[in-house]
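> Kindly return the folded structure for what I paste below:
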Amino acid sequence: KPIECWTGKQCFTSLIEGAVRHTADYVEKKCPAIMKQLGLDDSHDPMEAVRYIMQGITCSLEEKSYSLGGNPTTEREMCPKDGFVHFRGADLVSGQLGKATLGSGSKKGILYVIARRCSVGASANIMNRLAKFTARWHSDAGFSIGIDDVTPSYDLRMKKKALVEAGYAKCEEIIEEMRTGRLQSRPGCTSEQTMEA
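From the prediction side, this is the model:
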């Protein structure tokens with residue numbers, strides 16, 4: 001018998017809504033002013049103000065994988081690689097989240113939009129919830145990496161080799177200076193102590 005399941009997009013939308021709703025400073029400080037602005041009195045549910053603010057959380061971004069597949073007439077949301085991310089009213093409508101979507105230091109990311117629209121506390125709450133969610137996901141579903149992901153590249157191996165060789169050359173030079181008596185002792189140190197330093 002089929003059962004109703006959540007999609008990943010619904011999960012992320014729920015993370016945003018829950019974080020905004022449970023950010024105490026946001027609900028206590030901003031909601032009364034927003035309710036007054038909307039013409040609502042104290043008899044109304046303060047979540048009306050939260051829903052109103054959530055409607056303004058909207059942004060559109062292109063992730064690294066964004067491509068229209070050579071068809072310029074295709075709508076951006078229909079990217080074959082799901083690389084166009086679109087939030088409307090805090091709902092994740094399309095796309096796969098990545099570094100550019102979440103923030104990466106730009107003012108276009110969803111975390112910045114939430115910080116400006118709601119509060120910095122709400123944005124931090126979302127980051128905390130997302131970290132817990134992904135850690136739980138990895139522990140339950142598993143996470144694997146290939147040997148290629150942890151093998152250093154040729155350039156990195158050559159840079160390391162050059163650094164190690166430079167270090168050995170410097171050590172040999174200091175040892176030779178001590179052997180020939182040319183090593184200048186540091187203040188308060190013998191030549192052996194200077195060599196070890």
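
> packing partners for the helix or strand harbouring Y168?
Of the helices and strands defined by DSSP states H and E, Y168 is found in helix 154-180. Here helix 154-180 touches helix 191-196, going by 3 or more CB pairs under 8 Å, 6 or more residues apart in numbering; DSSP states H and E. (C-beta placed from N, C-alpha, C; glycine too.)

> related to what we said a few turns ago, now do the helix holding Y168: distance to the chain's middle.
38 Å (CA atoms, centre = their mean, to the nearest Å).

> Next: stretch 103-121.
That offset, for stretch 103-121, works out to 12 Å (CA atoms, centre = their mean).

> And stretch 13-22, by the same measure?
17 Å.

> Likewise for stretch 90-99?
Counting by CA atoms, centre = their mean, stretch 90-99 comes out at 14 Å from the chain centroid.

> Just the buried positions in it, please.
For stretch 90-99, a neighbour-count test (16 or more other CB atoms under 10 Å) marks 90-92, 94-97 as buried.

> ok, now stretch 132-147?
For stretch 132-147, using 16+ other CB under 10 Å, no residue counts as buried.

> and what of stretch 171-191?
Under 16+ other CB under 10 Å, the buried positions of stretch 171-191 are L183.

> distance between the ends of it?
Length of stretch 171-191, first residue to last, CA to CA, to the nearest Å: 14 Å.
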